[in-house]
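**Q** here is the input, now give the coordinates:
(one chain, ligands or ions: 4)
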Amino acid sequence: HAKNRGGNTYQFFSESMSKNAVRRLQVENQLRNALKNNYLQVHYQPKVSLRTNKFVGLEALVRLEIPDTGVISPSEFIPLAEETGLIIDVGERVLRQTCRDMSEWVAAGAVQGRVAVNLSAKQFLQPDLTKRIMTILQEEGLAAEHLELEITEGVVMDDPERAIEIMTELNNCGIHLALDDFGTGYSSLAYLKRFPIQTLKIDKAFIDDINGAERDRNMVASIVAMAHNMGLDVVAEGVVDHDQASTLNTLNCEFAQGFLFAKPLRREHFLDHIRTTLATVKNT
Ligand code: C2E
Ligand code: MG
Ligand code: MG
Ligand code: MG
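**A** Ligands and ions are numbered 1, 2, ... in the order given. Purely as a prediction, here's the structure:
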């Protein structure tokens, strides 16, 4: 019996491992296909001011929609793209599409402020990153002041000194920087004060229970106060209800994103949405 059980256990593990391997291979193939046939999509989520309930900016979020099959989440395919090196191509497509859309909206007078694009580690560490970005901005006709880049603590803490150099270079070109998912990584305050960033984005994990747990509320209050003392803007991520929005406003957190305001929207729907829904949020 023991032998049998051992055998089954082994079989169980190898089956689940190969299931993972098969899934990874499928996702990788789908991603290669999407790059080849140019069907990676970029969706946009509005950022709002909690004080005025007005639209103040937006974040670009990549989407991999397989025709007739379904959607693969970026949380699944971005890490895989990072491992396989496909992220360079993915990142370039996202940046180009985003700059193209934003340039059109700005020129039409429909959108002001900045569009934020997420950068992963390999992208951030490309030796010619600034040059590549400036070329795309120029080719798509978007001024650098309309672009913001989001990086996580993990991306910058790998080699903080080098990261500071890259961030300074981007800043000098007029591009703003935001530290994304703040609080979930491991950056030390000693580095935080040296990073040339303009914005802190407080991770959704701190916002979820902001009204249920005093500890969480105090934590957010402290992060907001610290960020303001450092001259940084603060954005709360993942705001889903009015009570959270109103608590954040009380804590002086001025900006937010979340399903309360809008889910990430495909380009075709984005303008319609900000014109209609956001203007009425505060009255609901
Ligand atoms: P992120 O940059 O922190 O983006 C926020 C994520 O939270 C997005 O998930 C967004 O759809 C989701 N979200 C926004 N509001 C709410 C809310 O109220 N409730 C809930 N439950 N979720 C909300 P998404 O689009 O699945 O992206 C996940 C992560 O994948 C992003 O986290 C980012 O790290 C990465 N990612 C997305 N697009 C790109 C990209 O173009 N390049 C790179 N390098 N990474 C990307
Ligand atoms: Mg982000
Ligand atoms: Mg985030
Ligand atoms: Mg995230």
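
**Q** what score does whichever residue of the stretch 151-284 of the chain sits closest to ligand 2 have for pLDDT?
**A** Ligand 2 sits closest to Asp180 of the stretch 151-284 of the chain, with a gap of 4.3 Å, by CB to the ion. From N, CA and C alone the C-beta is placed, and that goes for glycine too. Asp180 is assigned a predicted lDDT (pLDDT) of 96.

**Q** so it sits in a helix?
**A** No - read with DSSP: H, G, I helix; E, B strand; the rest coil, Asp180 is strand and lies in no helix.

**Q** list the contacts for it?
**A** For Asp180, the contacting residues are 118, 150-152, 201, by CB atoms under 8 Å, 6 or more residues apart in numbering.

**Q** could you dump these to CSV with neighbour count?
**A** Shown next, in CSV, are those (neighbours: other CB atoms under 10 Å):
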residue, neighbour count
Asn118, 21
Glu150, 21
Ile151, 24
Thr152, 22
Lys201, 25
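
**Q** let me know the closest of the residues you listed to ligand 3.
**A** Once CB to the ion is applied, the member of these that ends up nearest ligand 3 is Lys201, at 5.4 Å.

**Q** before we move on, the earlier item: any idea what sits nearest the residue of the stretch 151-284 of the chain closest to ligand 2, other than its immediate chain neighbours?
**A** Using CB to CB, 6 or more residues apart in numbering and skipping residues adjacent in sequence, the residue nearest Asp180 is Glu150, 4.2 Å away.

**Q** helices of the stretch 151-284 of the chain, residue ranges please.
**A** In the stretch 151-284 of the chain, the helices defined using DSSP state H, counting those that start in this stretch lie at 153-157, 160-172, 189-192, 204-207, 214-229, 242-250, 267-280.

**Q** return the member of those having the minimum mean pLDDT.
**A** The minimum mean pLDDT among the helices of the stretch 151-284 of the chain belongs to helix 267-280 (a mean of 81).
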